[in-house]
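Peer 1: Return atomic coordinates for the entry below.
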Amino acid sequence: MARHIVGIGGTFRPRSSSEMLVRAVLTDCEGLGARTTMFDGPALAALPHFNPERPERTSEQAAFVAALREADGLVIGTPGYHGGVSGVVKNAIDLLEDLRSDERVYFDGMPVGLIVSAAGWQAGGVTLAALRGIVHAMRGWPTPAGIAINSIAQKPFGSEGELADTAIAGQIAVMARQIMAFRLEPIA
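Peer 2: Numbers count the residues shown, from 1 in each chain. Predicted coordinates for the structure are as follows:
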């Protein structure tokens, strides 16, 4: 059975750099045999604000949580806003509190690739570290390869949306391989 890799990320703007970077990792995962599901910025922006006091869910929220519940791997991409994860991405992650009481709690045993696109090197590094902390708190396994793009100094994509930067393409390929190769052995 093909591994199911879910991607979440982007901004309100369709085809944002963080969304396209997540999609690039998913495409490489598909090349390695995965089936994938993407929740882009507009899909994430349609999710109501997470409120732990209100357990009812919209159909969009339920579909999002269900996809993560059955995922074998995850890719999270966010813009770096003021040194942190964007509100739209963080709201989606907060909704995954619904996985707290599952047999597999949150992201337990799941490889998670992390991508940040920010207007500066410092914002990229700080936001990537914050995202790693979130994934650790949710029992996930951040891949050793994290990707932080400086959207001022780097232009990952060409005019047709193709991945044009060979160094970034290499980082994406490494992340996809790490996600697809990840396995935990059961303890006797």
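
Peer 1: Which residue, other than its chain neighbours, is closest to Glu19?
Peer 2: Leaving out its chain neighbours, the residue that sits closest to Glu19 by Cβ to Cβ, 6 or more residues apart in numbering is Gly10, at 3.1 Å. (C-beta placed from N, C-alpha, C; glycine too.)

Peer 1: ok, how many other residues are close to that neighbour?
Peer 2: Counted by other Cβ atoms under 10 Å, the residues lying close to Gly10 total 31.

Peer 1: Could you check how far it is from Arg57?
Peer 2: 21 Å (Cβ to Cβ, to the nearest Å).

Peer 1: Could you do Leu47 as well?
Peer 2: Using Cβ to Cβ, Leu47 is found at 9 Å from Arg57.

Peer 1: contacting residues for the residue nearest to Glu19?
Peer 2: Residues near Gly10 by Cβ atoms under 8 Å, 6 or more residues apart in numbering: 16, 18-19, 22, 40-42, 44, 77, 88-89.

Peer 1: got the residue ranges for the strands in the protein?
Peer 2: Taking DSSP state E, the strands of the chain run over residues 4-9, 35-40, 73-81, 84-85, 111-118, 141-142, 147-150.

Peer 1: Who are the contact partners of the residue nearest to the spatial centre of the chain?
Peer 2: Centroid-nearest residue in the chain, with Cα atoms, centre = their mean: Ile76, separated by 1.1 Å. Contact analysis of Ile76 by Cβ under 8 Å, 6+ apart lists 7-9, 22, 89, 93, 112-115, 131, 135.
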